[in-house]
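Asker: Predicted model and sequence follow; I will ask about them next.
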2 protein chains.
Amino acid sequence: MREGPDIARVASLVGDPARANMLNAMMGGTALTATELALEAGVSLPTASSHLSKLMEGGLLTLASQGRHRYYGLASAQVAGMIEAITGVAEAVGPRRVRPGPRDAAMRVARVCYDHLAGEQAVAMLDCLFDKKLLLREDNAIRLAPSGASHFATLGIEIDGKARRPVCRACLDWSVRRSHLAGTLGAAILDKIIAEKWARREKDSRAVVFSPTGRQEFARVFLG
Amino acid sequence: MREGPDIARVASLVGDPARANMLNAMMGGTALTATELALEAGVSLPTASSHLSKLMEGGLLTLASQGRHRYYGLASAQVAGMIEAITGVAEAVGPRRVRPGPRDAAMRVARVCYDHLAGEQAVAMLDCLFDKKLLLREDNAIRLAPSGASHFATLGIEIDGKARRPVCRACLDWSVRRSHLAGTLGAAILDKIIAEKWARREKDSRAVVFSPTGRQEFARVFLG
DNA sequence: AGCATGGTTCGATCGCGGTCGAAACATTGC
DNA sequence: GCAATGTTTCGACCGCGATCGAACCATGCT
């Protein structure tokens, strides 16, 4: 009988299929309404509402009320990281629930993780940013180099260092098993990719698919 | 309704208090018998046995039969990493089940994580190994430098590069929130710390407490 | 062989938690 | 005000899974 943080409590929150589906959906980063999440999880609205209040009480979600809509999202990148870790184990010990399809392949190439890019492209990008000395490794943390700040500014990405949330964070990628870039900078880069229409988000999926020219542009700017 | 790895399955395995206690106990790295785990979890032997077979079927454990004893341990460092990630979230969203006591403080300083050292001492050690260029960062991976191989050899730590398991791995520390050293090298260093009697394992806990002289020796060799 | 010890299987019990329909509540728009 | 839409609460139902005692299997000791 042990003391310490109550891991069973949070694990059991993730351990219900309906809630797991909801959390998975929110891994896309966009906040969703109760109705959308009910659909996503395949349960009725009352059931979904009950699950959501449990997740809220467990501290795993944030809630933004806007008029008669209530938008639910993951509470933090730490929660997102935990879900990726669980996903990694589930992947390893599988069997998969369904055989890997084309969408699965697209997910490995590029997908949304909370609010930033993940997948092979994202890992390659982080490698390259280190190579170009725009970012610096510090222990396991990542720091923005002076040259990096100006570089991103010329790309139209302004970094707000005053926010509580760190600018750069490493996030372990469950498919590649290496880190990609999270934090406000990671989020800003994903914003740019979407804003420039280099890629679009696959409907009802975390997959991010690049257009042919978009891929070239992305490679030129971030993998060059 | 989503496809993909079945995260609810593995999360629900961790989500039962009895199983969570067992997994926590096994985070100490030593394989334990069913009887010990039943005691640890505060359940009867049949109940524990049932939980253990579920964890086995879920792929979270390994089993080593020796005579009439059956030793259960975590299946992989990946599983250990997942549990640390969940612990981190549980810690963050707490409330703690009990108020932090002295043992808790000791855990933050140094503890066992699966089979290697974790906590402030372990994080400091990894920093220092990088500073001395005995280890090299590569992406998120860690590589043993040539000078490192010979250095550790002089300490009596021989590294077997042929094993499937990597020599060096980063493992995210839930209390410090930065990486410490895992892999066969991390395991070997912990072995040395215990073998040299620089520290002893707290009874029934993951805490590792250094003796006064042991702390000096450890600092001289690994933090110097 | 026979007994003790470690461990699993079986069967029965029981309670927690997931589920939904109906009703209540809240907000917006007309 | 009233209807429409989005969401939560209530109440009742039901089933899964956690639990334990007793019986059963396996290994080691003498």
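Answerer: Sure, I can see it. Numbering: from 1, shown residues only, chains lettered A, B, ... in the order given.

Asker: switch to C-alpha atoms for all contacts and neighbour counts from now on
Answerer: Noted.

Asker: any idea how far the closest residue to A:Leu74 other than its chain neighbours lies from A:Leu129?
Answerer: If the residues on either side of it in the chain are set aside, A:Leu74 comes closest to A:Leu61, at 4.5 Å by CA to CA, 6 or more residues apart in numbering or on different chains. Distance of A:Leu61 to A:Leu129, given as CA to CA, to the nearest Å: 32 Å.

Asker: Pull the contacting residues for A:Ser150.
Answerer: If you count contacts by CA atoms under 8 Å, 6 or more residues apart in numbering or on different chains, A:Ser150 has none.

Asker: before we move on, what SS does it have?
Answerer: At A:Ser150 the chain is in helix, as set by DSSP: H, G, I helix; E, B strand; the rest coil.

Asker: Need the pLDDT of it.
Answerer: Here, the pLDDT recorded for A:Ser150 equals 86.

Asker: Now that A:Cys128 has come up, it's in contact with A:Arg220, right?
Answerer: No. Using CA atoms under 8 Å as the test, A:Cys128 is too far from A:Arg220 to be in contact (11.2 Å).

Asker: more neighbours, the two?
Answerer: Per other CA atoms under 10 Å in any protein chain shown, whichever of A:Cys128 and A:Arg220 has more neighbours is A:Cys128, with 17 against 10.

Asker: Ignoring the adjacent residues along the chain, who's closest to the more buried one?
Answerer: Once flanking residues are discounted, A:Cys128 sits nearest to A:Leu223: 5.7 Å by CA to CA, 6+ apart.

Asker: Check A:Ala207 too.
Answerer: The shortest distance from A:Ala207 to any non-neighbouring residue, by CA to CA, 6+ apart, is to A:Arg111 (4.2 Å).

Asker: Need the pLDDT of that neighbour.
Answerer: On pLDDT, A:Arg111 comes in at 84.

Asker: Distance-wise, check it relative to DNA strand D.
Answerer: Separation of A:Arg111 from DNA strand D (CA to the nearest atom of the strand, to the nearest Å): 25 Å.

Asker: how would you label the closest residue to A:Ile194 other than its chain neighbours: helix, strand or coil?
Answerer: Distances taken as CA to CA, 6+ apart place A:Arg200 nearest to A:Ile194, at 6.2 Å, with adjacent residues excluded. Classification of A:Arg200 by three-state DSSP places it in strand.

Asker: can you dump the C-alpha coordinates of stretch A:202-221 into PDB?
Answerer: Taking C-alpha atoms only, stretch A:202-221 is exported to PDB below (Å, rounded to 0.1, in the frame of the first residue of the first chain):
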ATOM      1  CA  GLU A 202      -7.300  16.000 -42.700                       C
ATOM      2  CA  LYS A 203     -11.000  16.100 -41.800                       C
ATOM      3  CA  ASP A 204     -11.700  14.300 -38.500                       C
ATOM      4  CA  SER A 205      -8.100  13.300 -38.000                       C
ATOM      5  CA  ARG A 206      -4.900  14.500 -36.600                       C
ATOM      6  CA  ALA A 207      -3.200  13.900 -39.900                       C
ATOM      7  CA  VAL A 208      -1.600  16.900 -41.700                       C
ATOM      8  CA  VAL A 209      -1.100  16.500 -45.400                       C
ATOM      9  CA  PHE A 210       1.200  18.800 -47.300                       C
ATOM     10  CA  SER A 211       0.500  20.000 -50.900                       C
ATOM     11  CA  PRO A 212       3.300  19.400 -53.300                       C
ATOM     12  CA  THR A 213       4.300  23.000 -53.400                       C
ATOM     13  CA  GLY A 214       3.700  23.400 -49.700                       C
ATOM     14  CA  ARG A 215       6.100  20.500 -49.000                       C
ATOM     15  CA  GLN A 216       8.700  22.300 -51.000                       C
ATOM     16  CA  GLU A 217       8.200  25.600 -49.300                       C
ATOM     17  CA  PHE A 218       8.200  23.900 -45.800                       C
ATOM     18  CA  ALA A 219      11.400  22.100 -46.700                       C
ATOM     19  CA  ARG A 220      13.100  25.300 -48.000                       C
ATOM     20  CA  VAL A 221      12.200  27.300 -44.900                       C
END
